[in-house]
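1. Provide a 3D model corresponding to the input given below.
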Amino acid sequence: MNNKCDLIYEGKAKKIFSHDDEDKVIIEFKDDATAFNALKKAKFEGKGRLNCLISTRIFELLMKNNIPNHFIRLKNENTIIAKKIKVIPLEIVLRNTAYGSLCKQTTIKPGTLLAKPLIDIYLKNDELNDPLITRDRIELMNILESRDLDFIIDLTLKINIILKKFFKNIQLQLVDFKLEFGYDLNSKILLGDEISPDNCRLWDLNQKDDIIVSLDKDRFRNDLGGLIEAYSEINRRINDFI
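-> Residues are numbered from 1 along each chain as shown. Down below sits the predicted model:
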């Protein structure tokens, strides 16, 4: 890392550094893994590199499909150059298949294919444990205007169509995923953060008898082991396909 670059922010999985150009940042992917709002923590050598490479490929795919995002280019195998954005404090979760918290909070059985994608929105706030939030509460808190929320929801649905097809081509079922957005210096909304097995649930379609084999962070959450092997397999399939 260039010594002239100042650390702007350090999150659970990434460090963000300043760039010579004020409208850009340097994002370094860490080997740390966290779950349950960082109550569970561990390090996995090579995880940051794999998430960086996978995110790069997916951001490039989304750019080809006219999805506005913060990615500019890969700097090295665990670092990207991205547009600087002011992060909107919302986590947008799209679900294609019922699993995780949806099943804990409803009577829907795990593995149920949803008739249409479900979008859940969470307030990005560690102190409050990232609670599920309503449109009315978003407006009440002046987080963003209704038209911007509509834009983000529409963009998320478009991203889902692209990613579902892409992952199916490499024999992966896109169960659900989490997105974050922000405003660039021109007040344009861009997709930010990362798209990787850290924030996507991906099930291996190369299985018989409907056995669920997770190739994502559930391997860490649920003590299944083989996290690096799973991430490596996703990276391999992406590279073989592209």
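2. and the longest helix that the chain contains, what does it pack onto?
-> Using DSSP state H to define each element, the chain has its longest helix at helix 146-169. Where contact means 3 or more Cβ pairs under 8 Å, 6 or more residues apart in numbering; DSSP states H and E, helix 146-169 is packed against helix 47-64, strand 90-97, strand 113-123, helix 135-140, strand 172-179, strand 189-191. For glycine as for every other residue, the C-beta is placed from the backbone atoms N, C-alpha and C.
3. got the angle for that helix vs strand 113-123?
-> Counting by axes from the mean of the first three to the mean of the last three Cα atoms, to 10 degrees, helix 146-169 points 130 degrees away from the direction of strand 113-123.
4. Can you list the buried residues in helix 146-169?
-> Residues of helix 146-169 classed as buried by neighbour count (16 or more other Cβ atoms under 10 Å): 148-149, 152, 155-156, 159-160, 162-164, 166-167.
5. Adding distance to Thr107 and pLDDT, write the residues you listed out as TSV.
-> Shown next, in TSV, are those (distance: Cβ to Cβ, whole Å; pLDDT from 0 to 100):
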residue	distance to Thr107	pLDDT
Asp148	33	98
Leu149	28	98
Ile152	29	98
Leu155	30	98
Thr156	25	98
Ile159	28	98
Asn160	24	98
Ile162	31	98
Leu163	28	98
Lys164	25	98
Phe166	32	98
Phe167	28	98
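6. Out of those, flag the one nearest to Met141.
-> The closest of those to Met141 turns out to be Leu149 (Cβ to Cβ; 11.9 Å).
7. Just list the residues touching that closest one, thanks.
-> 135, 138 (Cβ atoms under 8 Å, 6 or more residues apart in numbering).
8. Distance check, it against Asp130.
-> 17 Å (Cβ to Cβ, to the nearest Å).
9. re earlier: of all the helices and strands packed on helix 146-169, which one is nearest Cys200?
-> strand 172-179 (4.1 Å).
10. Partner strands of the closest one, with direction?
-> Next to strand 172-179 in the sheet, as set by DSSP bridges, lie strand 90-97 (antiparallel), strand 200-204 (antiparallel).
11. can I get the CA coordinates of stretch 74-92 in PDB?
-> Output in PDB follows, covering the C-alpha atoms of stretch 74-92 (Å, rounded to 0.1, in the frame of the first residue of the first chain):
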ATOM      1  CA  LEU A  74      -8.200  -4.000 -10.000                       C
ATOM      2  CA  LYS A  75      -5.000  -2.600  -8.300                       C
ATOM      3  CA  ASN A  76      -3.600  -5.900  -7.100                       C
ATOM      4  CA  GLU A  77      -5.100  -9.200  -6.100                       C
ATOM      5  CA  ASN A  78      -6.600  -8.000  -2.900                       C
ATOM      6  CA  THR A  79      -7.100  -4.300  -3.700                       C
ATOM      7  CA  ILE A  80      -9.300  -2.300  -6.000                       C
ATOM      8  CA  ILE A  81      -9.600   1.300  -7.100                       C
ATOM      9  CA  ALA A  82     -13.100   2.600  -6.800                       C
ATOM     10  CA  LYS A  83     -15.100   5.800  -7.000                       C
ATOM     11  CA  LYS A  84     -15.500   7.600  -3.700                       C
ATOM     12  CA  ILE A  85     -19.100   7.500  -2.500                       C
ATOM     13  CA  LYS A  86     -21.100   8.600   0.500                       C
ATOM     14  CA  VAL A  87     -22.600   5.400   1.700                       C
ATOM     15  CA  ILE A  88     -26.300   5.300   2.200                       C
ATOM     16  CA  PRO A  89     -26.900   3.600   5.700                       C
ATOM     17  CA  LEU A  90     -29.200   0.900   4.300                       C
ATOM     18  CA  GLU A  91     -28.500  -2.700   3.500                       C
ATOM     19  CA  ILE A  92     -30.700  -4.000   0.600                       C
END
